[in-house]
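Enquirer: sequence-free structure coming up:
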C-alpha cells in the first residue's frame, strides 16, 4: 500500500475488479470484463458499435471482435442499423445477468464498505459515491480539453 493517492486509487480499483471477477465467476460463470460489456450496453442500448466502444473505452475493433461470440452465446442480439451500422441490444438472458449479477455486486461492495474492520474510520457510501462521480466527471472534462 502507498501513501500516494495515484497508487492507492489504482490499487483499490484493481482489487475491486479482481473481487468482482471472483464473485461473477463463482456465481455466474462469467468474467467481470464480460459483465461490464453487457452492463454498459444495457445503459446505452440499442447501440451501434462505435458508440458502445466509446462507452467502454476501447476501440471499435475491440467491440467487433467480441460481438460474434456474445451473439452466439445468446447474450446480445444484433440487427442492421442506419447505413452500414449494426445495432446491438441485450437479449433476455443478457438483461437477466446484468440485473441479477449487478444486484449481487452492489450488495457485495456495500457490505464490504460497511465491514467492521472499517469501524474506526467508517465510509459514508452515498457521500463516497457522489465524490467519485464528481471526480470522474472532472477527469473526463479535463480529457476533453485541448
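Expert: Great, that's in hand. Everything numeric in this text was worked out from a predicted model, so none of it was measured. Residues are numbered from 1 along each chain as shown.
Enquirer: what residue lies at the spatial centre of this structure?
Expert: Within the chain, one residue has its C-alpha closest to the average C-alpha position: by Cα atoms, centre = their mean, that is residue 36, at 3.6 Å.
Enquirer: setting aside sequence neighbours, what's the nearest residue to it?
Expert: The shortest distance from residue 36 to any non-neighbouring residue, by Cβ to Cβ, 6 or more residues apart in numbering, is to residue 56 (7.6 Å). No exception for glycine: its C-beta is placed from N, CA and C like everyone else's.
Enquirer: pretty sure the one you found sits against residue 39.
Expert: No: Residue 56 lies out of contact with residue 39 (Cβ atoms under 8 Å); the separation is 10.2 Å.
Enquirer: so where's the protein uncertain?
Expert: Counting by pLDDT under 70, the chain shows low-confidence ranges at 1.
Enquirer: quick one: the strands in it?
Expert: Assigned by DSSP state E, the chain shows strands spanning 47-48, 76-80, 86-90.
Enquirer: picking up where we left off before, so what's the residue nearest to residue 36 up against?
Expert: With Cβ atoms under 8 Å, 6 or more residues apart in numbering as the criterion, the residues that contact residue 56 are 36, 37, 40, 62, 63.
Enquirer: appreciated, that's everything.
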